[in-house]
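[1] got a predicted structure plus its sequence, pasted below:
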Amino acid sequence: MPPHTSFLALCVFAATAIHCAGQAPGTERWNFDTHAPRLPSAVSSAAIAADGTIYFGSAEGKVFALNPDGSEKWRYNFGRDLFGNGSSGSPTVAVDGSIYIGLSGSFCAFSPAGDLKWSIPTGTTSGSSYASATRACLPVIGTNGTIYFLAGEPRRLFAINPNGTTRWEEWNNGNMRENFPAIAADGTLYFADARSVIAFTPDGNQKWYFRAGNDGVSSPAIGANGVLYSSSENGYFFALRPDGLLHWSVPYPGPGTYGARGLPVVGTDGTVYFRAYGGVHAINASGTPQWVFPAVGSGDTACAVSADGTIYVGADDGKLYAVNPTGTQTWAFSTGGQTTGSPAIGADGTIYVGSADGKLYAIFGTSGPANSSWPMLGRDLRRSGKAGCFDPLPCVDFMRFLPTGEFEIVFTGKLQLPYAIEASTDLSEWLPFATGASANGTLRFLDSSGFTRRFYRASPQ
C-alpha cells in the first residue's frame with residue numbers, strides 16, 4: 001500500500017438476529033436437486049459471492065451457480081468426476097468475483113457469468129487416488145490474489161497467479177494429506193501435512209514447522225490473536241502461537257485416540273469448536289474443554305457458528321443439527337442422505353448444506369454468521385481462507401495498485417448493509433466516490449482517477 005494513501009472506516013453496528021416472518025428456524029426454505037444419475041452422490045460446501053450468488057460443485061463433475069431464491073443461474077459440466085469417489089470440496093470466490101475450483105486432474109477459474117477463464121493440469125488422474133486430494137483442493141486466496149491449493153498424486157501445494165500461471169509448487173515427500181491452507185493477516189501461509197503444521201512465506205519459503213503426530217493433522221483455523229487451532233489423529237486438539245510454539249494441548253476425550261483430526265471454527269467469544277469423530281467438541285480459548293455434543297460422523301467437515309451463538313453441524317445420519325452455546329440441541333433438520341460438505345450461513349441467517357441425496361438445502365436459521373475470526377470453513381462466505389479484520393466493522397482488508405494502473409480498495413463490512421464511500425485529497429473536502437452492499441461482507445472498488453494522493457472513508461447509508 002502506498003505510504004500516501006489511507007482509508008478511514010467509520011461506524012460500528014452490532015450483529016442482530018434475523019427471523020423470517022412465519023418461518024420457524026430449522027424448516028426448509030428450498031432445495032436444489034442436481035439430479036445425480038447415481039446415489040449416494042456428493043454436493044460440496046457452498047461459497048457465496050457479493051451479489052448473493054451461491055456456488056457449489058457436485059460429484060458428477062458439475063459446477064452450479066444459483067440465485068438466492070434457489071433458481072439456477074448457470075452450470076458448467078466437466079463431464080468427469082469432480083471429487084473422485086464422492087469426496088466433498090468447495091469453490092472459492094475472489095474479490096473480483098472469479099470462482100476457483102479443483103477437479104480430477106485440473107484446477108479451474110470461472111467468471112461470474114460462468115465462462116471458463118482458464119484450466120491448468122495438476123498432475124492427477126481421475127479415480128480413487130484423487131478422492132482425498134480433491135477435497136483438499138479447497139483453494140485459499142492471498143492479498144495479492146495468489147491462489148493456494150493442494151492437488152496431485154503425490155500431493156503438492158500449488159501457488160497460482162490470478163492469470164493461471166504457476167508461481168511456485170511445494171512437495172514434501174508425499175506427506176501432504178487432504179488438507180487446505182490458511183493465510184494469516186501478514187500473508188504467512190499455514191499448512192498441515194500428515195505429521196506437522198508448517199508455516200510458509202508467500203513465496204514458498206518455510207518459516208517453521210511443528211511436529212504434531214504421525215497419523216494426520218487437520219487444516220488449521222486462525223484465532224483473533226493469530227493463534228492457530230488444529231488437531232491430530234493421535235488424539236489431541238491443540239493451539240499454536242504464530243511463531244510455531246505450542247500454546248496448549250487437550251487430549252481427545254473419546255474412546256481410543258483415532259479420529260481427533262477435526263476441523264476447527266471459532267465463535268464470537270473465542271470458543272473453538274472441533275468437528276471430530278464422536279461429535280462437536282467445544283474448547284475455550286484457554287484450552288479448557290467445555291462440552292461435547294454427540295453427532296455421528298467424521299471430522300472431515302466443519303461446523304458453522306451464527307451471530308447468536310448457534311452452532312450448526314451436519315452428520316452422517318442425514319441431519320443438520322442446531323446446537324446452542326451450552327451444547328444442547330435446539331433443532332434438527334433431516335435431509336435425504338448423509339450431509340456432505342460444511343454448512344454456510346448467509347446474511348439473512350439461511351443455512352446452506354449439501355447432502356448425499358444430490359441436493360443443496362437452504363434452511364431457515366436465526367441470524368447471520370458470527371462476527372468472529374473464523375466462524376466457518378474457509379473463514380468467510382467466499383471461503384477465502386484468509387484471516388482478516390472482523391471487529392469493529394467496517395474495516396480495511398487491503399488496498400493496492402493493479403497492473404492496469406487502477407487503485408483497488410477492498411474492505412469488510414456488515415453483510416448486506418449499504419455503504420457510501422467518499423474520497424478526499426486533503427481530509428477536509430469529501431466527495432461521493434461509490435456506493436455498495438455485499439452479501440458476503442467483502443466490498444471492492446476501483447479508482448482510475450490517477451490521483452497522486454487520496455483518502456477514503458466508508459459509512460453506512
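    Looks like it arrived, so ask away.
[2] shaky segments in the stretch 51-200 of the chain?
    Using pLDDT under 70 as the threshold, the predicted model of the stretch 51-200 of the chain has low-confidence ranges 79-89, 104, 123-137, 152-154, 171-178.
[3] show me the strands in it, by range?
    Along the stretch 51-200 of the chain, the stretches classed as strands by DSSP state E, counting those that start in this stretch are 54-58, 62-66, 72-77, 92-93, 99-103, 106-110, 116-121, 140-141, 147-151, 156-160, 166-170, 182-183, 189-192, 196-200.
[4] next, the angle from the first one to strand 72-77.
    Angle, strand 54-58 to strand 72-77, by axes from the mean of the first three to the mean of the last three CA atoms, to 10 degrees: 30 degrees.
[5] relative to strand 62-66, how tilted is strand 54-58?
    Note on geometry: by the same axes, to 10 degrees, strand 54-58 and strand 62-66 are set 160 degrees apart in direction.
[6] before we move on, the earlier item: quick one: which of the strands of the stretch 51-200 of the chain is nearest D317?
    For the strands of the stretch 51-200 of the chain, the distance to D317 is smallest for strand 54-58, at 21.6 Å, taking CB to CB. Heads up, the C-betas are built off the backbone N, CA and C, glycines and all.
[7] for the closest one, packing partners?
    strand 47-48, strand 62-66, strand 99-103, strand 351-355 (3 or more CB pairs under 8 Å, 6 or more residues apart in numbering; DSSP states H and E).
[8] could you redo the last one with a cut-off of 10 Å?
    strand 47-48, strand 62-66, strand 72-77, strand 99-103, strand 339-345, strand 351-355, strand 359-363 (3 or more CB pairs under 10 Å, 6 or more residues apart in numbering; DSSP states H and E).
[9] got any ranges where the stretch 301-450 of the chain has weak pLDDT?
    Low-confidence regions of the stretch 301-450 of the chain, defined by pLDDT under 70, are absent; no residue qualifies.
[10] sketch out the strands for it, chain order is fine.
    Secondary structure of the stretch 301-450 of the chain by DSSP E, counting those that start in this stretch: the strands cover 304-305, 311-314, 319-323, 329-334, 339-345, 351-355, 359-363, 395-401, 407-412, 419-424, 431-436, 442-447.
[11] K73 is nearest to which of the ones you listed?
    Closest of the strands of the stretch 301-450 of the chain to K73 is strand 359-363, at 13.0 Å (criterion: CB to CB).
[12] what is that closest one packed up against?
    The contact analysis (3+ CB pairs under 10 Å, 6+ apart) places strand 359-363 against strand 28-33, strand 54-58, strand 62-66, strand 319-323, strand 329-334, strand 339-345, strand 351-355.
[13] quick one, which of the strands of the stretch 301-450 of the chain is nearest to P369?
    Among the strands of the stretch 301-450 of the chain, the nearest to P369 by CB to CB is strand 339-345 (4.4 Å).
[14] could you list every helix and strand that the closest one packs against?
    Of the remaining helices and strands, those touching strand 339-345 by 3+ CB pairs under 10 Å, 6+ apart are strand 47-48, strand 54-58, strand 304-305, strand 311-314, strand 319-323, strand 351-355, strand 359-363.
[15] now these as JSON lines including distance to I409?
    Below are those laid out as JSON lines (distance: least, CB to CB, whole Å):
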{"stretch": "strand 47-48", "distance to I409": "21"}
{"stretch": "strand 54-58", "distance to I409": "24"}
{"stretch": "strand 304-305", "distance to I409": "29"}
{"stretch": "strand 311-314", "distance to I409": "33"}
{"stretch": "strand 319-323", "distance to I409": "37"}
{"stretch": "strand 351-355", "distance to I409": "29"}
{"stretch": "strand 359-363", "distance to I409": "32"}
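[16] and the ones you listed: which comes nearest R156?
    Put simply, out of the helices and strands packed on strand 339-345 the one that sits nearest R156 is strand 54-58, at 20.9 Å, with distance taken as CB to CB.
[17] distance between stretch 288-302 and the chain's centre?
    Its chain's C-alpha centre and that of stretch 288-302 lie 19 Å apart, by CA atoms, centre = their mean, to the nearest Å.
[18] what's the first-to-last distance across that stretch?
    With CA to CA, to the nearest Å applied, stretch 288-302 spans 20 Å between its terminal residues.
[19] and stretch 275-282, by the same measure?
    Using CA to CA, the span of stretch 275-282 from its first residue to its last is 9 Å.
[20] buried sites along that stretch?
    Going by neighbour count (16 or more other CB atoms under 10 Å), the buried part of stretch 275-282 is 275-282.
[21] so which pair among the residues you listed is furthest apart in space?
    Between any two of the buried residues of stretch 275-282, the greatest separation by CB to CB is 15.6 Å, found for Y277 and A282.
[22] thinking again about what came up before, need the helices and strands packed on strand 339-345 in CSV with mean neighbour count, can you?
    Compiled in CSV, the helices and strands packed on strand 339-345 are given as follows (neighbours: other CB atoms under 10 Å):
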stretch, mean neighbour count
strand 47-48, 28
strand 54-58, 28
strand 304-305, 28
strand 311-314, 27
strand 319-323, 24
strand 351-355, 29
strand 359-363, 24
